[in-house]
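A.B. asks: Sequence and predicted structure below; questions after.
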Amino acid sequence: MPLPNNIKTNASYRVPDSMKAWVLGNPGELTLEDKPVPVPGKAEVLVRIDAVAICATDLEIIHHGPPAQIQGGDPFNKNFTPGHEYMGTIVALGPSVDEFTIGERVTVEIHAGCGQCKRCRQGMYTSCHNYGKNYGNVDKGHRANGFTTDGGFAQYAVNNINTLVNVDDEMSDEEATLVVTAGTAMYGLTELGGLVAGESVVVTGPGPIGLMGAAVAKALGAQPVILTGTRDNRLEIGRQLGADHVINVRNEDVVKRVRELTGGVGVDYVVECAGAPNGLNEAAQMVNRGGKICLAAFPNSSPEVDVAYLVRNNIYLYGIRGEGKAATHRAEAFMRQKRFDATLIHTHTFDMTDLEEALRYAKDRVEDAIKVVVKNPWVQTDRIAAE
Ligand SMILES: [Zn+2]
Ligand SMILES: [Zn+2]
């Protein structure tokens, strides 16, 4: 179906009628299929996907379902395309869009939110009260691409203009896919946590969010920034990204060491990215009285928590979902200023046609994979067709 007349296009970026897209069937089953190219609505643009980073949450969704939610239920066999950490090029503008132009390189935030609930009105659109309500008679227009609407493992996706972040010309496609990860860390530390320069931070777990958490904390002026984990090679990357101290929890008593490094009192913030069974209790022991614990990992079990300790010590506890309050724009600004080198966490690149192999690298951490990126191999063909 050709695009309607009220959609702006440009001859340099030919938009085909159909596209290749990975579609989720049964749990763990992906197939490369033809889908119609989606049409942007009001306040939306069409993005040609150039690169997508694979996230641990993609693996959760593909194998188990949540936090994806399609038509009020699990995402299986619903013609759903996952993938949420993508960047690309704007190739068509929906009606009334003049905030962006065709040809601009952008990276994306995942959540657009409904725009009409209390949390969306506060800028906390990742906690939209109408999460997943975008179908049938409960259509509130909520979008979280790759979670509740089609995502980036495809040639094209529709994005609300509020989810777009311009990318610096010097930033590679691969690096641009990491902006949203840094934006999530930023949201946890500043917008939700209220971190100011000179405060101290422990980040537990050197996965992508943890590593970006250490980098962003340092760039924000935190002092000291302490990163804990079990793999020396990842801790070393954390040090290069800005951690002042790294602690391998296999070799040292992590609570004792954190207290030693902070004059016996503990840190102002713990960002828990490890999801370890005792992670929360350990975080409570590492944070100082009146300090804050940001929970950023999904543990597999519900461990027992020493609530009395949290109460006695006035410890604040908050979960973080995604990248609210436009924190992603501020993260991009740090990366644009080269305040840290996010490319240190990008380890592998595959063609999007090799998505299954790329997912295997991410899941099994083949060759110490941290961030695996897939690139759109059809971009070249588009260009030839346009000439
Ligand atoms: Zn993610
Ligand atoms: Zn909302």
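C.D. replies: Done, it's in. Ligands and ions are numbered 1, 2, ... in the order given.
A.B. asks: Distance check, V106 against Y13.
C.D. replies: 13 Å (C-beta to C-beta, to the nearest Å). Bear in mind the C-beta positions are built from the backbone N, C-alpha and C, glycine included.
A.B. asks: which residues does the closest residue to ligand 1 within the stretch 1-150 of the chain contact?
C.D. replies: At 2.9 Å from ligand 1, C55 is the closest residue in the stretch 1-150 of the chain, using C-beta to the ion. Neighbouring residues of C55 by C-beta atoms under 8 Å, 6 or more residues apart in numbering: H84, E85, T181, P208.
A.B. asks: And V106 and Y13? Which one has more around it.
C.D. replies: V106 (23 against 17; other C-beta atoms under 10 Å).
A.B. asks: wait, isn't that one in contact with L164?
C.D. replies: Yes: using C-beta atoms under 8 Å, V106 makes contact with L164 at a distance of 4.5 Å.
A.B. asks: which neighbours do the two share?
C.D. replies: Residues within reach of V106 and of L164 at once, by C-beta under 8 Å, 6+ apart, are V47, I90, F100.
A.B. asks: For those residues, please prepare TSV with the additional fields distance to M212, neighbour count and secondary structure.
C.D. replies: Listed next are the shared contacts of V106 and L164 as TSV, based on distance: C-beta to C-beta, whole Å; neighbours: other C-beta atoms under 10 Å; DSSP: H, G, I helix; E, B strand; the rest coil:
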residue	distance to M212	neighbour count	secondary structure
V47	22	30	strand
I90	25	24	strand
F100	26	16	coil
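A.B. asks: ok, the residue nearest to Y13 when sequence neighbours are not counted to A197 distance?
C.D. replies: Leaving out its chain neighbours, the residue that sits closest to Y13 by C-beta to C-beta, 6 or more residues apart in numbering is V91, at 4.0 Å. According to C-beta to C-beta, V91 stands 41 Å off from A197.
A.B. asks: Of those two, give the one with the bigger neighbour count.
C.D. replies: V91 (22 against 8).
A.B. asks: where does the more buried one fall, helix, sheet strand or coil?
C.D. replies: Three-state call for V91 (DSSP: H, G, I helix; E, B strand; the rest coil): strand.
A.B. asks: Need the per-residue pLDDT for it.
C.D. replies: Looking at V91, its pLDDT is 97.
A.B. asks: my read: H84 touches N145, true?
C.D. replies: Yes: assessed by C-beta under 8 Å, H84 is found in contact with N145 at 5.8 Å.
A.B. asks: can you list residues touching both of these two?
C.D. replies: With C-beta under 8 Å, 6+ apart as the test, H84 and N145 both reach I110, G151, G152.
A.B. asks: ok, the second one - contacts?
C.D. replies: If I follow you right, that is G151. Taking C-beta under 8 Å, 6+ apart as the test, what G151 contacts is T81, P82, G83, H84, Y86, N145, A157.
A.B. asks: Over to the closest residue to it other than its chain neighbours. Which of the three states is it?
C.D. replies: Distance criterion C-beta to C-beta, 6+ apart; nearest residue to G151, sequence neighbours excluded, is G83 at 4.0 Å. Assigned with three-state DSSP, G83 falls in the coil class.
A.B. asks: Quick check, G83 in contact with G152.
C.D. replies: Yes: counting by C-beta under 8 Å, G152 is a contact partner of G83 at 3.7 Å.
A.B. asks: These two: who's more crowded?
C.D. replies: G152 (33 against 26).
A.B. asks: where does the closest residue in space to the more buried one that isn't next to it in sequence land in three-state SS?
C.D. replies: Nearest non-adjacent residue to G152, counting by C-beta to C-beta, 6+ apart: Y86, 3.2 Å away. Under three-state DSSP, Y86 falls in the strand class.
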